[in-house]
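*Asks:* Predicted model and sequence below, questions to follow.
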Amino acid sequence: MAEKETILTEAGLKKLEDELDYLRSEKRQQVAERLKIAISYGDISENSEYDDAKNEQAFVEGRILTLENMIRNAKVIKDSDINKDIVSLGSKVKIKDMETGDEDEYEVVGTTEADPMADIPRISNESPVGKAILGQKVGSVCVVRTPAGELNYKIVSISRASAAEPAAKE
């Protein structure tokens, strides 16, 4: 079975590589030391410190495998590849709710980097809004289907998410 491609920005790839490096170098040593201390307490059959350390070790090793897989299957979206004329991965998009007139700004990223709580929310290309606005141009109106009904958004501006340049305006 083919492994799933991980779509990342250059910054997202760097973040995963940094986490992997930390887990391999520092965290593994910390967990090994916890295990060593727990074993020194004697009987491990009823030793909660030992059980906790083994569980943490399993989590760390699982996360390392996950990160290695994500990095191996990474498709990196370079800033220079981001089209400012249409919404694509790596775009910063300002949209206007056609019913309320409210405007929101999002960065469209792969699922790995999604962070809806960031200052500028980073939405997944697989989210309802992300799917609806991908491929759209400034001035386009798109329909987002949600459990609560359909929402209509107009694309107000598109720019590169990491760029400091002004956004294209309608």
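*Replies:* Arrived safely. Numbering: from 1, shown residues only.
*Asks:* what does the longest helix anywhere in the chain rub up against?
*Replies:* What stands out as the longest helix in the chain, according to DSSP state H, is helix 48-72. Helix 48-72 is contacted by residues 3, 6, 8, 13, 16-17, 19-20, 23-24, 27-28, 31-32, 34-35, 37-39, 41, 44, 112 when judged by C-beta atoms under 8 Å, 6 or more residues apart in numbering. Placement of C-beta: from N, CA and C, glycine included.
*Asks:* Could you list the buried residues of stretch 59-72?
*Replies:* 60, 64, 67, 70 (16 or more other C-beta atoms under 10 Å).
*Asks:* er, stretch 47-58 actually
*Replies:* 50, 53-54, 57.
*Asks:* Please apply the same query to stretch 5-21.
*Replies:* 6-9, 12-13, 16, 20.
*Asks:* Determine how far the longest helix of the chain lies from the middle of the whole chain.
*Replies:* 20 Å (C-alpha atoms, centre = their mean, to the nearest Å).
*Asks:* Where is pLDDT lowest across the buried residues of stretch 59-72?
*Replies:* In terms of pLDDT, Met70 ranks lowest among these, with 92.
*Asks:* and the most centrally placed residue in the chain, what pLDDT?
*Replies:* Nearest to the mean C-alpha position of the chain, counting by C-alpha atoms, centre = their mean, stands Glu113 at 1.0 Å. pLDDT, Glu113: 91.
*Asks:* Check the one 3 residues further on too.
*Replies:* Pro116 is assigned a predicted lDDT (pLDDT) of 90.
*Asks:* what's it in contact with, if anything?
*Replies:* 122-123.
*Asks:* Please report how far it lies from Gly12.
*Replies:* 15 Å (C-beta to C-beta, to the nearest Å).
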